[in-house]
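**Student:** quick one: sequence plus predicted model below, questions after.
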Amino acid sequence: MFHRKQQFINAGEESLFLWGARQTGKSTLLKELYPDALWFDLLKSDVFRRYVSEPEQFREVVLADTSNRLVVVDEIQKIPALLDEVHWLMVNQGRRCILSGSSARKIIRSGANLLGGRALRYELLPLSYSEIPEFDLLKALNSGLLPRHYASQNPKPLLDAYVGSYLQEEISAEAKIRNMQSFTQFLRAAAFSNGEMVNFSNIASDCGVSHNTVREYFQIIQDTLIGRFVPSFQKKPKRRIILSPKFFYFDLGIAGHLLKRGEVEPGSEAFGNAFEHFIYQELYAHTQYSGKQYPIAYWRTTSQMEVDFILGDHEVAIEVKSTSNVQSHHLKGLKGFSEEYSVKKLIVVSSDPAERKMGDITVMPWKIFLDRLWAGEIL
């Protein structure tokens, strides 16, 4: 049904980590790509119990596999000690291993073996426009782009379960958060900063915790891949600029559910916010899956000129407007940025019915923009 773009570009025959938040489809993808692999699923309680108590048995099972098959370990963060065995098998037996997981936090915090740079790192994200036949924008903005959620006719119970069981309970348990109530309040407070500059002090006040605790909570959700920051573009600014980062949850549906924003309809403020979030998800997915790994930043001056996304080393500047009729006043930020930096492409992504030029700025309907993005024609 979905045609995933993550194909491990440039991996060759190297071992690799595949990270991704829960339900992005890591196991499904790996089973499709490597149906004959020797598989260890650490979510199965009997498999977990065996190897957590005797990790050396993992090595013994792999050595007994004389066909030299690819080895897949799913949810590797549940038993970090297995990484020593994986390392030995890679170095001494030349075995190729793929290690998937929803969080490297437990591994990093435990000081476990990260294979000394011998395994490449990849990430699987929620679905993108290019992976979905007959893509439905309104469905994506309302349901989100986790595969089960997008495919469901009634995603609300799935979103309820994801936020309650995974975000609030499992992640807080993994991070050993003592004050569950404050973390739950933080998740919702962070949703109000979704797509906005983060004010750590305001969030701390809303949650009744310290400024440092809020920063720690943000680090937890970055480590567990459920949110990320977009930095301010700061290269030799002539104007005074805002330095605070912006924040985005990893999925539209999760952010909307935490915000309790209800049905997103065209023309509403919620539509505009969700539309910008959607374009960000597409840009971030493209950086990961194309292998280009270009940075994404935003630019805002203290005089309130802003550009939503700056790609690469100011090669492309993108403003996102959900309107179907972009006007000259929507171009203020792009014009200001182009006065300060040399820019190859100035683009407004909108709901306009046709592409058009407004001076040096191109107004692109969102479908045209995304088709060109995934064809490698934007950057």
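**Tutor:** All right, it came through fine.

**Student:** for the stretch 1-150 of the chain, what are the low-confidence residue spans?
**Tutor:** Scanning the stretch 1-150 of the chain for pLDDT under 70 picks out the ranges 109-114, 116.

**Student:** helices of that one, residue ranges please.
**Tutor:** Shown for the stretch 1-150 of the chain, the helices assigned by DSSP state H, counting those that start in this stretch span residues 26-33, 45-53, 56-64, 82-93, 105-110, 137-143, 147-151.

**Student:** out of those, nearest to Ser193?
**Tutor:** Shortest distance between Ser193 and the helices of the stretch 1-150 of the chain, using C-beta to C-beta, is found for helix 137-143: 18.6 Å. For the C-beta atoms, the positions are set from N, CA and C on the backbone; glycine is no exception.

**Student:** burial count for Gly117?
**Tutor:** Using other C-beta atoms under 10 Å, Gly117 is surrounded by 7 other residues.

**Student:** now stretch 121-137: buried residues?
**Tutor:** Within stretch 121-137, the residues that qualify as buried are 122-132, 135, 137, counting by 16 or more other C-beta atoms under 10 Å.

**Student:** what does stretch 310-327 give?
**Tutor:** Judged by neighbour count using 16+ other C-beta under 10 Å, the buried positions of stretch 310-327 are 310-311, 314, 316-322, 326.

**Student:** cool, stretch 370-379 as well?
**Tutor:** Of the residues in stretch 370-379, those scored as buried under the neighbour-count criterion (16+ other C-beta under 10 Å) are 370, 373-374, 378-379.

**Student:** now stretch 1-21
**Tutor:** Residues of stretch 1-21 classed as buried by neighbour count (16+ other C-beta under 10 Å): 2, 4-6, 8, 15-21.

**Student:** from start to finish, how long is that stretch in a straight line?
**Tutor:** One end of stretch 1-21 sits 20 Å from the other (C-alpha to C-alpha, to the nearest Å).

**Student:** quick one: contacts of the helix or strand that contains Phe369?
**Tutor:** Assigning secondary structure by DSSP states H and E places Phe369 in helix 366-374. With C-beta atoms under 8 Å, 6 or more residues apart in numbering as the contact definition, helix 366-374 has outside contacts at 5, 128-130, 137, 275, 279, 282-283, 286, 347, 349-351, 355, 364, 378.

**Student:** out of the residues you listed, which sit inside helices?
**Tutor:** When DSSP state H defines the helices, the subset of these inside them is 137, 275, 279, 282-283, 286.

**Student:** using a markdown table, lay out those together with distance to Glu306.
**Tutor:** Formatted as a markdown table, these follow (distance: C-beta to C-beta, whole Å):
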| residue | distance to Glu306 |
| --- | --- |
| Leu137 | 24 |
| Phe275 | 16 |
| Ile279 | 15 |
| Glu282 | 19 |
| Leu283 | 16 |
| His286 | 22 |
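
**Student:** contact partners for Ala317?
**Tutor:** The neighbours of Ala317, taking C-beta under 8 Å, 6+ apart as the test, are 299, 307, 309-311, 334, 337-338, 341, 343, 345-347.

**Student:** now it: which helix or strand?
**Tutor:** In this structure, Ala317 sits in strand 316-320 according to DSSP H and E.

**Student:** before we move on, back to that, want to try TSV for the buried residues of stretch 370-379, with pLDDT and distance to Lys246 as columns?
**Tutor:** Shown next, in TSV, are the buried residues of stretch 370-379 (pLDDT from 0 to 100; distance: C-beta to C-beta, whole Å):
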residue	pLDDT	distance to Lys246
Leu370	98	21
Leu373	98	20
Trp374	98	23
Ile378	97	20
Leu379	92	19
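
**Student:** closest to Leu82 out of those residues?
**Tutor:** Looking at the buried residues of stretch 370-379 and their distance to Leu82, the nearest is Trp374, at 36.0 Å (C-beta to C-beta).

**Student:** how close does the closest one sit to Lys321?
**Tutor:** The span separating Trp374 from Lys321 equals 21 Å under the rule C-beta to C-beta, to the nearest Å.
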